[in-house]
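In: any chance you could fold what I've pasted below:
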Amino acid sequence: MHLRPAHALLHWLPADSRPGVWRRGVIVWGVALCIAVVQWIASPHEPPWAVSLVYSFAISTSIWLLSDPVRIALHRWLGAEPPHYWAFSWRTGLHLVLSVLLGYALGTGLGDAYAGRSTWALLQLSPQRFWVFLLGSLAVSCAFFFYFYQRERALELQRQATESRLRLLQSQLEPHMLFNTLANLRVLIDVDPVRATAMLDRLNDYLRATLAASRTDAAAGHQLSTEFQRLRDYLELMTVRMGPRLRYNLALPDELAACPIPPLLLQPLVENAIRHGLEPSVQGGEVRVSAHRSKGHLVIAVSDTGVGSEGERAAGFGLTQVRERLTTAFAGRAHLHWDSAPGQGTRITLTLPLPPPAAP
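Out: Next comes the predicted model:
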């Protein structure tokens with residue numbers, strides 16, 4: 001399989017850094033085009049338009065390649081950590097100066113090869129003009145470096161704030177789930193002590209697995225298959241309490257098993273389905289959770305065959321948590337749709353962005 005040009009050129013860089021490198025490269029090329037236009041307007045007869053364009057792109061691209069992709073390749077020596085690979089230190093300063101000098105020399109050489117002349121002769125003919133060009137390139141490069149650093153630093157602070165927010169929401173959700181389960185256990189102790197003991201044993205096993213899984217990085221998430229396994233554990237726990245009144249079906253295609261998802265995102269929806277849909281119904285019903293791919297999105301549906309309702313219920317703790325976590329984790333790129341009717345159950349659909357496929 002052939003690699004796409006973008007991946008082929010930067011395949012030696014960490015995968016998480018490539019989108020940022022190309023984004024900054026596009027900005028550099030846009031500025032290079034503007035510089036070439038300004039130079040040509042200022043001196044429309046010397047040099048020709050094509051020559052100004054080649055010099056501008058050759059110098060800008062050379063400096064960008066040495067100061068950006070090479071910087072990421074040397075991030076351990078520079079002390080620049082992922083995911084943004086930016087840091088201020090004497091090493092990054094030295095790398096920046098060397099990148100500008102070497103990039104300027106390489107780009108000028110390429111431009112000279114195209115124009116059939118030597119820019120270095122300008123050092124003898126007009127030293128002042130030569131140094132203006134060189135120092136101008138250094139100043140523009142420093143300005144780019146400062147702009148990109150500030151931009152990536154802002155993104156890093158935003159990422160940290162998002163992680164903190166997700167952890168806060170998750171820390172609120174975990175005891176809520178536990179207290180609900182203990183309340184159900186308290187009711188069962190009075191009604192059926194034998195089943196209460198079985199439920200307590202199941203709860204013990206469930207907490208061992210679930211509480212450990214819930215410590216997953218809230219921003220990075222865990223695999224959808226892990227989320228479905230936690231749902232299976234929880235539904236087995238609720239089956240001990242409700243008996244044959246609770247049936248469930250979990251459908252996860254193999255190709256979606258590894259999709260990342262915030263931990264404990266679906267459990268509040270399943271809890272709501274049992275509490276508001278099946279428990280008020282004498283005959284109980286079924287909870288279904290399914291996932292499929294649709295138009296580049298991951299679509300997860302949580303439905304029940306319970307009592308339903310005419311309009312969306314007042315936002316309770318679980319549903320509010322899910323909405324807030326979607327907003328925080330996906331920045332408006334995920335949606336929740338609620339649909340219900342009396343006697344026909346309730347269906348909640350989550351539409352999440354799928355991560356881009358890994359480069360082959």
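In: sheet-wise, list the partners of the helix or strand hosting residue 347 with their directions.
Out: Element membership for residue 347, per DSSP states H and E: strand 346-353. Sheet pairing of strand 346-353 (DSSP bridges) gives strand 297-304 (antiparallel), strand 335-340 (antiparallel).
In: in whichever helix or strand comes after the first one, what's buried?
Out: It refers to strand 297-304. Downstream of strand 297-304, the first helix or strand assigned by DSSP H and E is helix 317-330. Neighbour counts over helix 317-330 (16 or more other C-beta atoms under 10 Å) mark 318, 319, 321, 322, 325, 326, 328, 329 as buried. All C-beta spots, glycine's among them, are computed from the backbone N, C-alpha and C.
In: any chance of the residues you listed in JSON lines, with pLDDT and distance to residue 345 too?
Out: Formatted as JSON lines, those follow (pLDDT from 0 to 100; distance: C-beta to C-beta, whole Å):
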{"residue": "318", "pLDDT": "69", "distance to residue 345": "17"}
{"residue": "319", "pLDDT": "79", "distance to residue 345": "16"}
{"residue": "321", "pLDDT": "76", "distance to residue 345": "22"}
{"residue": "322", "pLDDT": "83", "distance to residue 345": "18"}
{"residue": "325", "pLDDT": "78", "distance to residue 345": "24"}
{"residue": "326", "pLDDT": "83", "distance to residue 345": "22"}
{"residue": "328", "pLDDT": "75", "distance to residue 345": "29"}
{"residue": "329", "pLDDT": "77", "distance to residue 345": "27"}
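In: what's the longest strand in this protein?
Out: In the chain, ranked by residue count with DSSP state E as the criterion, the top strand is strand 285-294.
In: so which elements touch that one?
Out: Under the contact criterion of 3 or more C-beta pairs under 8 Å, 6 or more residues apart in numbering; DSSP states H and E, strand 285-294 touches helix 224-242, strand 246-251, strand 297-304.
In: of the ones you listed, which approaches residue 276 most closely?
Out: With C-beta to C-beta, the closest approach to residue 276 among the helices and strands packed on strand 285-294 belongs to strand 297-304: 8.5 Å.
In: with mean neighbour count added, can I get the strands paired with strand 346-353 in CSV?
Out: Putting those into CSV (neighbours: other C-beta atoms under 10 Å) gives the following:
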stretch, mean neighbour count
strand 297-304, 21
strand 335-340, 15
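In: return the member of the ones you listed having the minimum mean pLDDT.
Out: Among the strands paired with strand 346-353, strand 335-340 carries the lowest mean pLDDT, at a mean of 90.
In: can you list contacts of it?
Out: Identification of contacts with strand 335-340 by C-beta atoms under 8 Å, 6 or more residues apart in numbering yields 308-312, 319, 322-323, 326, 346-351.
In: can you do 6 Å?
Out: Outside strand 335-340, the residues that touch it by C-beta atoms under 6 Å, 6 or more residues apart in numbering are 308, 309, 312, 323, 346, 347, 348, 349, 350, 351.
In: which one of these is nearest to residue 110?
Out: The shortest approach to residue 110 among those belongs to residue 351, at 47.9 Å (C-beta to C-beta).
In: hang on, that closest one packs against residue 299?
Out: Yes - with contact defined as C-beta atoms under 6 Å, residue 351 and residue 299 form a contacting pair (5.4 Å).
In: elements contacting the helix or strand hosting residue 20?
Out: Assessed by DSSP H and E, residue 20 sits inside helix 18-42. In terms of contacts (3 or more C-beta pairs under 6 Å, 6 or more residues apart in numbering; DSSP states H and E), helix 18-42 is packed against helix 49-67.
In: what helices or strands is the helix it packs on leaning on?
Out: If contacts are counted by 3+ C-beta pairs under 6 Å, 6+ apart, helix 49-67 sits against helix 18-42, helix 90-115.
In: before we move on, the earlier item: quick one: the helix holding residue 20 to helix 49-67, angle?
Out: Here the directions of helix 18-42 and helix 49-67 differ by 150 degrees (axes from the mean of the first three to the mean of the last three C-alpha atoms, to 10 degrees).
In: pull out the buried residues from the contacts of strand 335-340.
Out: 308, 309, 346, 347, 348, 350, 351.
In: give me the lowest-pLDDT entry from those.
Out: On pLDDT alone, residue 309 ranks lowest of the buried ones among the contacts of strand 335-340, at 80.
In: which one of the helices and strands packed on helix 49-67 lies closest to residue 196?
Out: When those are compared by C-beta to C-beta, helix 18-42 sits nearest residue 196, at 52.9 Å.
In: average pLDDT for that closest one?
Out: Averaging pLDDT along helix 18-42 yields 80.
In: mind listing what's buried along it?
Out: For helix 18-42, burial by neighbour count (16+ other C-beta under 10 Å) applies to 18, 20, 21, 24, 25, 28, 31, 32, 35, 36, 39, 40.
In: give me the distance between the fifth one and residue 107.
Out: Think residue 25. Counting by C-beta to C-beta, to the nearest Å, the separation of residue 25 from residue 107 is 14 Å.
In: could you do the last one as well?
Out: Relative to residue 107, residue 40 is positioned 17 Å away (criterion: C-beta to C-beta).
In: likewise the fourth one?
Out: The gap separating residue 24 from residue 107 is 17 Å, by C-beta to C-beta.
In: bridging residues for residue 337?
Out: Beta bridges link residue 337 to residue 349, judged by DSSP bridges.
In: hmm, back to that, using CSV, lay out the strands paired with strand 346-353 together with distance to residue 100.
Out: Below are the strands paired with strand 346-353 laid out as CSV (distance: least, C-beta to C-beta, whole Å):
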stretch, distance to residue 100
strand 297-304, 43
strand 335-340, 46
